[in-house]
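Participant: could you work out the structure for the sequence below:
(4 chains, ligands or ions: 6)
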Protein chains: 4
Amino acid sequence: MASTAAAGIELLKLGKADETGLPLGDLPGLVPYTGMTFGGWDLYAEDLLAAAKHHKVLDRDQIDDAEEALAKIKPWPAMGDASFCSGVDGEHRHGDLSHREKIDCLIEDLVRFREESGGSAVLINLASVERTPDRQNPIYHIKEAFEAALDASDPEISPAMLYAYAAIKCGVPYGNFTPSFSGDVPALIAMAEEAGVPLAGKDGKTGQTFMKTVLAPAFRDRALRIDGWYSTNILGNRDGEALNEPNSLASKIETKGDVLNSIVGYDVGSHLVQINYYKPRGDEKEAWDNIDVSGFLGRPMQIKLNFLCRDSVLAAPLVIEIARCLDLAKRRGEGGILEPLGVFFKAPMTQPGQTVQHAFPEQQAALQTWLAGETMQQSYDAARAAAE
Amino acid sequence: MASTAAAGIELLKLGKADETGLPLGDLPGLVPYTGMTFGGWDLYAEDLLAAAKHHKVLDRDQIDDAEEALAKIKPWPAMGDASFCSGVDGEHRHGDLSHREKIDCLIEDLVRFREESGGSAVLINLASVERTPDRQNPIYHIKEAFEAALDASDPEISPAMLYAYAAIKCGVPYGNFTPSFSGDVPALIAMAEEAGVPLAGKDGKTGQTFMKTVLAPAFRDRALRIDGWYSTNILGNRDGEALNEPNSLASKIETKGDVLNSIVGYDVGSHLVQINYYKPRGDEKEAWDNIDVSGFLGRPMQIKLNFLCRDSVLAAPLVIEIARCLDLAKRRGEGGILEPLGVFFKAPMTQPGQTVQHAFPEQQAALQTWLAGETMQQSYDAARAAAE
Amino acid sequence: MASTAAAGIELLKLGKADETGLPLGDLPGLVPYTGMTFGGWDLYAEDLLAAAKHHKVLDRDQIDDAEEALAKIKPWPAMGDASFCSGVDGEHRHGDLSHREKIDCLIEDLVRFREESGGSAVLINLASVERTPDRQNPIYHIKEAFEAALDASDPEISPAMLYAYAAIKCGVPYGNFTPSFSGDVPALIAMAEEAGVPLAGKDGKTGQTFMKTVLAPAFRDRALRIDGWYSTNILGNRDGEALNEPNSLASKIETKGDVLNSIVGYDVGSHLVQINYYKPRGDEKEAWDNIDVSGFLGRPMQIKLNFLCRDSVLAAPLVIEIARCLDLAKRRGEGGILEPLGVFFKAPMTQPGQTVQHAFPEQQAALQTWLAGETMQQSYDAARAAAE
Amino acid sequence: MASTAAAGIELLKLGKADETGLPLGDLPGLVPYTGMTFGGWDLYAEDLLAAAKHHKVLDRDQIDDAEEALAKIKPWPAMGDASFCSGVDGEHRHGDLSHREKIDCLIEDLVRFREESGGSAVLINLASVERTPDRQNPIYHIKEAFEAALDASDPEISPAMLYAYAAIKCGVPYGNFTPSFSGDVPALIAMAEEAGVPLAGKDGKTGQTFMKTVLAPAFRDRALRIDGWYSTNILGNRDGEALNEPNSLASKIETKGDVLNSIVGYDVGSHLVQINYYKPRGDEKEAWDNIDVSGFLGRPMQIKLNFLCRDSVLAAPLVIEIARCLDLAKRRGEGGILEPLGVFFKAPMTQPGQTVQHAFPEQQAALQTWLAGETMQQSYDAARAAAE
Ligand SMILES: NC(=O)c1ccc[n+]([C@@H]2O[C@H](COP(=O)([O-])OP(=O)(O)OC[C@H]3O[C@@H](n4cnc5c(N)ncnc54)[C@H](O)[C@@H]3O)[C@@H](O)[C@H]2O)c1
Ligand SMILES: NC(=O)c1ccc[n+]([C@@H]2O[C@H](COP(=O)([O-])OP(=O)(O)OC[C@H]3O[C@@H](n4cnc5c(N)ncnc54)[C@H](O)[C@@H]3O)[C@@H](O)[C@H]2O)c1
Ligand SMILES: NC(=O)c1ccc[n+]([C@@H]2O[C@H](COP(=O)([O-])OP(=O)(O)OC[C@H]3O[C@@H](n4cnc5c(N)ncnc54)[C@H](O)[C@@H]3O)[C@@H](O)[C@H]2O)c1
Ligand SMILES: NC(=O)c1ccc[n+]([C@@H]2O[C@H](COP(=O)([O-])OP(=O)(O)OC[C@H]3O[C@@H](n4cnc5c(N)ncnc54)[C@H](O)[C@@H]3O)[C@@H](O)[C@H]2O)c1
Ligand code: NA
Ligand code: NA
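Facilitator: Numbers count the residues shown, from 1 in each chain, chains lettered A, B, ... in the order given. Ligands and ions are numbered 1, 2, ... in the order given. The predicted structure is shown next:
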């Protein structure tokens, strides 16, 4: 996905791609697409050209066009931890460092990149999904406990949390496109609020969940009762392969979980979600949904949805837009959880105690209001009101 | 559909049905479902019990429960004209009358029914679709010309227009659930405005078009370019059979036509819509849509939607809600085109010169605003603003 | 399924049903449908009328018609064993008996029923699926060891095996419509051969596997290479619920396993089969298959199949035809595994050392040859030859 | 399709493609794939390299590999007639010639090509579909009348018939992959029989009809009654565009027509077939079928089939196999209609008075029997017997 996003921007700069798939276009306030540059860490050292060739998202003509630019983007050595993500175990990493040393490396990379890029930067987590940590652990809840855990190189601090912490510390807005916990723990949220650093997440809303949050509000609005919703996916890319790891799969499915009940306002007893690694598809993905609804007089009806999509093609433009919005928020002086970006996520980060808004139309309206210039709180209130 | 709506309300009164499928529920201001009674005209004399048995929408237990109430509802003799709707040619009609005499009959029926029902009534056109008239004909554009055409029993005045005229004349709000022109001509709109009679139409938005106006805005919001949309339907009820009449089919497809272009804001070259009479399904209907979209970097994706639905089950509750809203508008003193009801129609009636709002989420928001008590003009402005 | 089969035959006798769904019709040699009567064991005492009402396969009119006949069919007390099938634990059973005592009871029931039915009978296993036994256990391989295990009331002898043994012992042909092992163990096969008792099994081929064995041979014949086949099912009946038992699910999926590889003659790496309990459907079932194939020049294509079916409606007529064929075989003097019935089963019983024929067209041709009067061995040779 | 077939064989010669999609492989008796060469006429002068680039069936790597070979294959000037096929009107043709002069040109081309290719050749019609002629016209029925019509340059003799006549005259086996009448008229069949020239046709059976003739026999074999079958296609290639010509569409649909009734043996009242030109797909095609069946006790079920295919990829290998089989027949001394090739065609040519075999499994069995070496008549008898 990272290589697709970078390649797309390079092709845009060369005039070889248009804005199809990029929702926000040239809205005033946002940095132009052609003003963006890419850098990042990876556990494998291959440059973005090699990555793009191997993922087969770009066609041969596009690879030819973007070749030069992509070959120049080489990942920086990363921070990994096999206990959080065993499937991905590259060697492009720093040696045996303490948590604090790792954070120093990350901050160094970030600050250097920000300078090279003209003074502003955004960090988006696009790494492989990590296992779910024990959320009751106090180190995630209290800032001081988190800091102490860092001092002690506590193994329950995941790599994604180190990246998030580094970003917050040097004032770089942080977005989490993965289902990993990273920035989405109370301790880090509190730090971001205090530091005035915008946060957004988590888990990019692309294929089936996107469609689910489009359709479910419409059934709700027509009072068609959802009796069951069976969702299954087949996909064959590296992200899919990671799902053969039961722990990763659990994180992935969890963020899809209560979307439906939350939109319709009752418990849809029979809601099944399956993700299957299925090799023939490569990066292409297919989702199949069967929805059973009851209408007037209890009459049953069925809706079936079949989405032949490409994960990276749907995801990369969202990553780009999240980055542009985080950058805008920073310039506007807004810090902490950036709720109006909820439309981009499967599990939108939300102020504690608030119910999460999953319905796509309401989320989209909230984003537009925010983009139109209102402060976060106003747009948030408007979204809430519309949802009732 | 009429028999389904009436049966549903009777079952609700008996406590044998719940509000599934009825979107508005017990919102303050609206008349309660159990406060509704039904009457109407038909070219065939069979009572609603016979109609319900023959349509097979209700199951045997429901027929048993509603039997007594339905058997009592017998249609009044209707006004038909084979030159406008040749497929339906029942004998339950008044003899050879002039247009003015027909109108007198209709007004007599309406006034009597309104009195029996406690002082308020609403008329909804649920008759078979009529052929499209020559819309350039001045009799449809100028009130005086329309009146003169009535005096002359001009054959270009369709039965549906006579019903609409009668309603306006006696102050009964008028809704048009069919694709026929009826109230949707400038002369009648002007009369309704002057008389302060609420008007709504046209063509109930139930199956495939409903889904289209739910999905297309989401593709728009994600900048997925629609390269083609192929929609086909198979249905086997009397309405489907009427489609074997090329003229009726034309009217029916026309109202589905520019929905898509209007939502996405560009010309989707390849937009095909087909409706096929297919006997095995009876009142059950099936829609299949294939949508080709391009995403980031021009990559093609496909979405396929298969909707196994029941026309009358989706339509009847909308008819009931349109009636309740028209009644509310009348009590609120709002006359003329009731734009906030656009969410219920495939071809929403809109003030001349205004572009039509087809996107379901925006329509739904406009309805909710209106229901929340704002005047029509305010909600209309809000919908417009939201759409931009 | 048992209640559906019995109800269907009763309705045929009454002239209220026709032969739709019954493949063999009035082929010479087979007993006529109206000459069949039903009896059997169940762990629950409810009569077939109660069962039919609760399964909702018949409509209200059909229940009314068959009511009297079905109410008369009351199951005999059964033999169950919670260690083989924990999900189903009815109380309609004989008390604490040894294996030999149980067999005596079963033989008594069978012999009585055969006499009441005019001298001939067939036993078909329609019970809930049992867990897979340890197939290496010698008691299943050597007749003498099996007999000794019976003497010792060995807990590794399952109820289904007791029923099969009882049938063989009293010369009643035995069919196994379930995935349970029952008659499909070498010891019982040898006994049936010696006793000249026809055997058939196992696991009725109804929905998705039926379609798979129809389509795969066609892809093979057109040299379309199958790169992947993803099969998923949703169903909500008691059989589906049993699948929440992991052991039962394993037995069920196992018999679906190598069907595909065996037909196409190579290893289809990506063959996934899923069965999900999904409540909204009741006895109705839905299968969705996605098939990825490569054609000329390696070009990929996709076939998707969506089967909205009813398990019992597809299965009951097969049960009836298996019974008629077993009866014919008995009269023809054919004993042991009746291979030409393979078309009816997901895991056709086949002579040891022979490869199993799964392709539907070849199976159907073998059945027709056999029905046309050839002996089993000839038809078997013809099927083999055709398959090469 | 011609360019795909030629490119495939060239890639096979280069070792850059395998036999996927080619059903007959290296069966003894058939000429090896690598022993084939291509030549032919077209109304447009572009060489096969240009054609292949424009059709986008091959990927860029394959084009690179086959480039040299394809650039060498340049079509010969063709015989066209806008009154038979108005959509295709290229200028690469001989000037104003009489029918007899045209035939001389064609024979000259054929004889020259046969000599260059080592003594044997086969002609397959792969031209755009022609309109249906008036089949009652006696010139098509009596050899002498046909010859006289040629002498008179009768405008009712279509180009496809001229090609077929030329082939028969110089002893070149003739296959018709299109729905056009060409060799499929009694006068030409009689000439082929007398001259001992093998004939095969018509209309290649690739996508939806292939699947229909695979599924319908299975429903028949399970006595599932087909209540309705709705078939629709969307495709965007030149062949699809030609369908915007109502006459060509009629020819195309006609050959699909009675396939179904003929297989199941009763009249499926509701059988609809639609072909739609839908631009976004290019050479890719999509078929969607909905099948309504009734099973035991009249219970309705539905099967939906969605085939995402590539016309040329499915068709080209059949063209290759038809050519190899016609060549084998010629060497075996078999002339006239080659019935065992019926499996390759939507409208298999059949001896007058015989019913046509459409069921795929029976056709496939007949082909295999014939290939195994039996004479045509024996294999024909076997197929008939199997079908009863
Ligand atoms: N593509 C989508 O539609 C989508 C949607 C929602 C969420 N996501 C999430 O986005 C993430 C990326 O998806 P993708 O398709 O690009 O996957 P990918 O497997 O192609 O890329 C993940 C990359 O992260 C690297 N990585 C793993 N651990 C790392 C670490 N600790 N530090 C630095 N790099 C590390 C891997 O080496 C790999 O190159 C996944 O977590 C996925 O679940 C993707
Ligand atoms: N069912 C839906 O989902 C849906 C959706 C949108 C629009 N519609 C429209 O609603 C209308 C009714 O649909 P339906 O399914 O109930 O059809 P229907 O055919 O069951 O009922 C139409 C009734 O109108 C009567 N009729 C015809 N001309 C008349 C006249 N001049 N005066 C009085 N009665 C007359 C007919 O006799 C018939 O009883 C149709 O025009 C249809 O196109 C239906
Ligand atoms: N319906 C199909 O399409 C289909 C296809 C293939 C196989 N099968 C198999 O056929 C069997 C029956 O299916 P069904 O849908 O009728 O299921 P069901 O659950 O409706 O009926 C099974 C019956 O068997 C009884 N039973 C369980 N153990 C018993 C025992 N030891 N002795 C006597 N009775 C016992 C149960 O009480 C129940 O009444 C299952 O094993 C199923 O897997 C069904
Ligand atoms: N592709 C399939 O799956 C399939 C299946 C069945 C039948 N067919 C039939 O096969 C034929 C070819 O299909 P295609 O997809 O290759 O179409 P195409 O349009 O790509 O090619 C047809 C070619 O025939 C040429 N042509 C037209 N009239 C001619 C004439 N009189 N003499 C010589 N050349 C002439 C055209 O110029 C064109 O190059 C069509 O008739 C089609 O209906 C195709
Ligand atoms: Na991905
Ligand atoms: Na079952």
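Participant: mind listing the strands for the stretch 1-150 of chain A?
Facilitator: Listed in chain order, the strands found in the stretch 1-150 of chain A under DSSP state E, counting those that start in this stretch are A:41-42, A:76-77, A:123-125.
Participant: what about the last one, average pLDDT?
Facilitator: Read that as strand A:123-125. Confidence for strand A:123-125, expressed as mean pLDDT, is 98.
Participant: how about residue A:278: what's its closest non-neighbour residue?
Facilitator: Distance criterion Cβ to Cβ, 6 or more residues apart in numbering or on different chains; nearest residue to residue A:278, sequence neighbours excluded, is residue A:234 at 3.8 Å. (C-beta placed from N, C-alpha, C; glycine too.)
Participant: packing partners of the helix or strand where that neighbour lies?
Facilitator: Following DSSP states H and E, one finds residue A:234 within strand A:225-235. Judged by 3 or more Cβ pairs under 8 Å, 6 or more residues apart in numbering or on different chains; DSSP states H and E, strand A:225-235 is in contact with helix A:208-221, helix A:259-264, strand A:270-277, strand A:284-294, strand C:225-235, strand C:270-277.
Participant: poorly predicted segments of the stretch 251-388 of chain A, please.
Facilitator: Residues of the stretch 251-388 of chain A meeting the criterion pLDDT under 70: A:251-257, A:374-388.
Participant: out of the strands of the stretch 1-150 of chain A, the one nearest residue A:364 is which?
Facilitator: Across the strands of the stretch 1-150 of chain A, residue A:364 has its closest neighbour in strand A:123-125 (20.6 Å, Cβ to Cβ).
Participant: the closest residue to residue A:75 other than its chain neighbours and residue A:169: what is the separation?
Facilitator: When the adjacent residues along the chain are set aside, residue A:75 lies closest to residue A:42, with 3.6 Å between them (Cβ to Cβ, 6+ apart). The span separating residue A:42 from residue A:169 equals 22 Å under the rule Cβ to Cβ, to the nearest Å.
Participant: check residue A:140 too.
Facilitator: Taken as Cβ to Cβ, the span from residue A:140 to residue A:169 is 17 Å.
Participant: what residue of chain A is the furthest out?
Facilitator: In chain A, residue A:297 marks the outermost C-alpha relative to the chain mean, sitting 41.4 Å out by Cα atoms, centre = their mean.
Participant: got a list of what that one touches?
Facilitator: In this structure, residue A:297 makes contact with B:4, B:7, B:8, B:11, B:17, B:20, B:21, B:57, B:58, B:62, B:313, judged by Cβ atoms under 8 Å, 6 or more residues apart in numbering or on different chains.
Participant: next one: phi and psi at it?
Facilitator: When read as degrees, to the nearest 10, the backbone of residue A:297 gives phi 60, psi 20.
Participant: dump the strands of the stretch 1-150 of chain A to CSV, plus distance to residue C:52 and mean neighbour count.
Facilitator: Conversion of the strands of the stretch 1-150 of chain A to CSV gives the following (distance: least, Cβ to Cβ, whole Å; neighbours: other Cβ atoms under 10 Å in any protein chain shown):
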stretch, distance to residue C:52, mean neighbour count
strand A:41-42, 63, 22
strand A:76-77, 70, 18
strand A:123-125, 57, 25
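Participant: separation between residue A:85 and residue A:93?
Facilitator: Distance from residue A:85 to residue A:93, counting by Cβ to Cβ: 12 Å.
Participant: whoops, I mixed them up, residue A:372
Facilitator: In this structure, residue A:372 lies at 43 Å from residue A:93, with Cβ to Cβ as the measure.
Participant: who has more neighbours, those two?
Facilitator: residue A:93 (20 against 11; other Cβ atoms under 10 Å in any protein chain shown).
Participant: and the gap between that one and residue A:42?
Facilitator: Spatial separation of residue A:93 from residue A:42 under the definition Cβ to Cβ is 9 Å.
Participant: quick one: residue A:300 and residue A:225 touch, right?
Facilitator: No - between residue A:300 and residue A:225 no contact is recorded; they are 9.8 Å apart, counting by Cβ atoms under 8 Å.
Participant: all set, thanks.
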